[in-house]
Structures are given as C-alpha cells and as structure tokens.
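Trainee: Next comes the sequence, and after it the predicted model I'd like to discuss.
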Amino acid sequence: MQHLYDLLIAPFVDFAFMRRALAGCLALSLGSGPIGLFLVMRRMSLMGDAMSHAVLPGAAVGFMLAGLSLPAMSLGGFVAGVLVAVLAGLATRFAGIKEDASFAAFYLLSLAIGVLLVSKSGSNVDLMHILFGSVLAVDDAALYLVSGVASVTVISLAFIYRPMLLESLDPVFLRSVGARGGLWHMAFLMLVVLNLVSGFQALGTLMAVGLMMLPAITARLWSESVEGMLVMAVSVAFVSGMAGLLLSYHFELPSGPAIILVAGLFYLFSLLFAPAGGALPRYIRARHFES
C-alpha cells in the first residue's frame, strides 16, 4: 500500500505545482471533452486540429507585444482563432471550397506566420513553450483562465445542448423547423476557440487539440448513447491528464506529450476491446450471427 501511495498519491500531496496541474487537467477535461465529442459527431475532427494551429499567430503577436503574458497571448489567440473561423466560413460560402479544405489552407498559413513571428522576436525556448506548453508550470492566473473557460463551456452547452444535438444528428430537420443552424454553429465555433486558447496555456498550440479529440474519439467506441459518450470523454481526458502527470513526475518526461501519449494508448486499447466499436467485440458478434 505504501508503494502505491508513493506512486499515485504522494506527488499530489507533497507538491503544490502537481495539485495545480491536476486541477488544470480536470478543468480542461470538463471543457474540452464535450466540445471534442460534438466535433466528432459533426464530422469536424480535423477542424479542431486546424483551429488549434490558427490561434498561434495571435498568441505570437501577444508574445511580441507583452512577452509571456497570459492575458495578451490569450486575447491574441482568441482573436486569431475567430478570424480564421470567419475567413474559412466566407471562403466556403463564396468560393465553393469545402469547409475542411478552407480550414486546412488557413491553418497552414496561420502556423507558418506564427512560427515566423515567434522565431524573429524570441528564442527557441519561447517557441517551444508556445508550441508545446507546460502544464506543470501553470500558475494561478492560468488556472483561473482554464477554470473560467470550462465553466462558460459547461453553462453554454447546457443552454444550447438540444439544438446542437439536432444540428449534429439531423441538420435538415433543424432547418425544416425554421431553427437558425448557422447561429448555433457560430456559437459552437466560439466555444471551440475558447477551449483551444485555454488549452494552449498548458499543452501548447500543437498539443491542446489532443486532449480534446482523443478522449472524444475513444468515447464513441465505448458507448452508443450521447450521454454515455459525454461521461466517457470527460473521464478519459481526466484520467489521461492524471496518468500523464504521474509519468512526467516519475520519469522526468515533458508533461504535455506524456498526457497526450496516455490518451493515445487509451484510444489504441479501445480500438481492440471497447464494447460498442472495438474490433474484437465486433468480430465476436459477427461470428455469433453467422453461427
């Protein structure tokens, strides 16, 4: 028992930075898990990745103006993310380009501009911090931001849950009853950008989308109900965060990649053994029906 305590509990009891990082992971899980699930249900998984890169130039401008300032980088990232979402939407509407292609084009452009801006005005250490973050270095201000975004996300989803669900599952019906699908879509995009901005403080712009998408994709393999998938997505995200922090602490690994690695292992395990969509249960059911 003492060994298990030293392995799993003691790091969070002994060190304040570990408790702060764990609280940050819980807040990120509550906000990013449901958002990631709606992205998967709306077949916009790659858009989440594109948007995570889109916040980079705004964060870079905030860094150039105020250094590693949380408010400046967060505001810049939010403005850049919203701008890319609007430009990609206009390109889709007026140029006849598919939405995923528009987001891919703008995110590549944003990534290039962001890396160039940080490279010209900072060191490689600054660039690595913005790209990969450090959840172990989350301070009180960053924790307030992540917690605030998670609270806004949960409250907003509680209000727009039904139209969001209808638009995800049957957008034609939503339009037929006169509902404003575009309004809910834009509100959802704002929540995506907000969660990516809060996530990049801890995991960096490259890794922030990992804790949003991997638990959501994993959840679809474990449950067939939306409520079950929501619970599963949040749970997988939080357990991945906690396990990643322990891996980082005991083996001196970078915390962000360790968290995403654990989430990826959850996904690989689920691909084989998850009851709703795993390969092995599907094979057993198919053999049962054949016999």
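Mentor: It's in. Numbers count the residues shown, from 1 in each chain.

Trainee: Helices of the stretch 151-291 of the chain, residue ranges please.
Mentor: In chain order, the stretch 151-291 of the chain shows helices spanning 171-176, 181-207, 210-222, 226-251, 255-273, 279-290, with DSSP state H, counting those that start in this stretch as the criterion.

Trainee: Which neighbouring elements make contact with the third one?
Mentor: Going back to what we said before, that points to helix 210-222. Contact here means 3 or more CB pairs under 8 Å, 6 or more residues apart in numbering; DSSP states H and E; on that basis helix 210-222 packs against helix 16-41, helix 45-54, helix 181-207, helix 226-251, helix 255-273. Yep, even glycine has a C-beta here, placed from its N, CA and C like the rest.

Trainee: List the buried residues of the third one.
Mentor: This points to helix 181-207. The neighbour-count check on helix 181-207 (16 or more other CB atoms under 10 Å) flags 184-185, 187-207 as buried.

Trainee: could you give the angle of that helix to helix 210-222?
Mentor: Counting by axes from the mean of the first three to the mean of the last three CA atoms, to 10 degrees, helix 181-207 lies at 110 degrees to helix 210-222.

Trainee: just for the stretch 101-250 of the chain, where's the confidence low?
Mentor: Applying pLDDT under 70 to the predicted model, the residue ranges of the stretch 101-250 of the chain that meet it are 121-133, 171, 174-175, 177-181.

Trainee: Kindly recompute the last result at 90.
Mentor: Across the stretch 101-250 of the chain, residues meeting the criterion (pLDDT under 90) sit at 101-146, 159-212, 224, 226, 248.

Trainee: neighbours of residue 256, just the number please.
Mentor: Counted with other CB atoms under 10 Å, the burial measure for residue 256 works out to 26 neighbours.
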